[in-house]
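A.B. asks: please work out how this folds:
(one chain, ligands or ions: 1)
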Amino acid sequence: MFEHARCWVNGKLVPAEQASVSVFDHGFLYGDGIFEGVRFYNKRAFRLPLHLKRLQRSAAALQLKLPSEEVFTQAVYAVIEASDLNDGYLRIIATRGVGVLGINPATCKDPGVIVIADQLQMVSDEERAKGIRAIITSTRRSQPDRLDPRIKSLNYLTSIFARMEANFAGVEEGILLNDRGCVAEGTAENIFITRDDELLTPAPTEGALAGITRGTVLELAAELGIQTRETVLTPYDLYSADECFFTGTGARLIPVREIDGRVIQTCPGPAYQHLAAAFAELVQRETAA
Ligand code: PMP
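C.D. replies: Model (predicted):
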């Protein structure tokens with residue numbers, strides 16, 4: 001199971017079977033911590049500075065003092081070098097650290113820092129080729145004055161509940177609305193649609209994570225001459241879309257062929273195909289030795 005996993009825990013590379021955290025770590029006890037998922041290609045982490053920036057912003061929201069960017073970068077390259085994979089997936093985690101059993105974060109002295117290199121495949125090649133099915137879940141993204149979904153925290157229960165609904169419905173993915181009934185994102189992906197040759201996606205203020213892949217796709221669309229707009233989308237916009245696809249570090253780009261039983265007009269559509277090809281090319285270009 002951990003054949004390809006390489007772990008760096010609080011300053012040291014440790015064998016995967018021995019990589020562990022204290023049961024008194026508040027990351028474990030309360031989900032008090034943050035994380036990033038990053039891909040590496042050709043043994044180079046893709047857009048690592050952007051991920052570390054987002055990690056640092058999540059840390060600011062939690063008032064969590066992180067080690068420097070250099071420490072994370074060194075840890076990332078230590079696990080990549082130790083890995084037998086050229087292309088893989090990294091998980092960067094910062095926890096509140098070890099403290100007494102009560103929730104008070106002030107009892108935790110030092111944050112725990114963990115970096116894991118492994119592989120991750122979210123959908124099969126066949127699913128990616130023909131597109132996946134999704135439902136709009138009854139589980140909603142919380143509004144920003146409760147727990148801002150832009151914080152990439154270790155508590156993923158909202159996404160997990162949504163994914164359980166998708167599993168129960170027998171489809172591959174769930175789409176979460178915000179408290180106003182407008183589209184936020186997938187369980188671990190941002191969402192895009194096209195309508196009249198325009199590429200549309202909800203703004204982060206709608207309850208979407210400011211995805212690195214989302215940002216890359218918006219950049220690529222501009223380069224390809226595809227008009228883009230951050231806007232408010234409703235379930236109707238999804239059902240009546242010309243195309244729909246998800247983006248994420250784990251997911252990369254995944255086309256959607258059906259939402260709540262409504263068949264999406266084109267899947268995989270032309271915008272998806274152009275952007276997926278441009279994304280693959282960009283990744284190779286940016287990570288080439
Ligand atoms: N939304 C959520 C809730 C996520 O967990 C992720 C994965 N990090 C994304 C969107 C996609 O973001 P990114 O492209 O940075 O991976």
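
A.B. asks: for the rest of this, base every contact and every neighbour count on C-alpha atoms.
C.D. replies: Fine.

A.B. asks: export stretch 130-148 as CSV, just CAs?
C.D. replies: Extracted in CSV, the C-alpha atoms of stretch 130-148 (Å, rounded to 0.1, in the frame of the first residue of the first chain):
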residue,chain,number,x,y,z
LYS,A,130,-15.8,9.7,-21.5
GLY,A,131,-16.5,12.2,-18.6
ILE,A,132,-17.9,11.6,-15.2
ARG,A,133,-21.3,11.9,-13.6
ALA,A,134,-22.0,14.3,-10.7
ILE,A,135,-24.9,15.2,-8.5
ILE,A,136,-25.6,18.5,-6.7
THR,A,137,-25.4,17.5,-3.0
SER,A,138,-27.6,18.6,-0.1
THR,A,139,-24.3,19.3,1.8
ARG,A,140,-23.4,22.9,1.3
ARG,A,141,-20.2,24.9,1.5
SER,A,142,-20.2,27.1,4.7
GLN,A,143,-20.5,30.8,4.3
PRO,A,144,-17.3,32.8,4.9
ASP,A,145,-18.3,34.3,8.2
ARG,A,146,-18.6,30.7,9.6
LEU,A,147,-15.7,28.8,8.3
ASP,A,148,-14.2,30.3,5.2
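
A.B. asks: show me what from the chain comes close to the ligand.
C.D. replies: Residues of the chain found near the ligand (CA under 6 Å from any ligand atom) are 37, 187-190, 209, 211-214, 247-249.

A.B. asks: out of these, who's the most crowded?
C.D. replies: Among the residues of the chain next to the ligand, N190 has the most neighbours (other CA atoms under 10 Å), with 28 neighbours.

A.B. asks: could you save the residues of the chain next to the ligand as a markdown table and add columns showing distance to I175?
C.D. replies: Formatted as a markdown table, the residues of the chain next to the ligand follow (distance: CA to CA, whole Å):
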| residue | distance to I175 |
| --- | --- |
| G37 | 20 |
| T187 | 7 |
| A188 | 10 |
| E189 | 9 |
| N190 | 9 |
| L209 | 13 |
| G211 | 15 |
| I212 | 19 |
| T213 | 17 |
| R214 | 16 |
| T247 | 12 |
| G248 | 14 |
| T249 | 17 |
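
A.B. asks: in helices only, show me the residues you listed.
C.D. replies: I212, T213, R214 (DSSP state H).

A.B. asks: average pLDDT across the helix or strand F192 falls within?
C.D. replies: Assessed by DSSP states H and E, F192 sits inside strand 190-195. Strand 190-195 shows a mean pLDDT of 98.

A.B. asks: can you check stretch 88-105 too?
C.D. replies: pLDDT averaged over stretch 88-105 gives 98.

A.B. asks: check stretch 63-70 too.
C.D. replies: In the prediction, stretch 63-70 has an average pLDDT of 96.

A.B. asks: nearest residue to E81 in space, please, no chain neighbours.
C.D. replies: Spatially, and ignoring its direct neighbours in sequence, E81 is nearest to K43 (7.3 Å; CA to CA, 6 or more residues apart in numbering).

A.B. asks: the one you found: neighbouring residues, count only.
C.D. replies: Quick note: K43 (other CA under 10 Å) scores 20 neighbours.

A.B. asks: ok, it to the ligand distance?
C.D. replies: 18 Å (CA to the nearest ligand atom, to the nearest Å).

A.B. asks: can you check the pLDDT for that residue?
C.D. replies: pLDDT, K43: 98.

A.B. asks: for it, give me phi and psi.
C.D. replies: phi 60, psi 20 (degrees, to the nearest 10).
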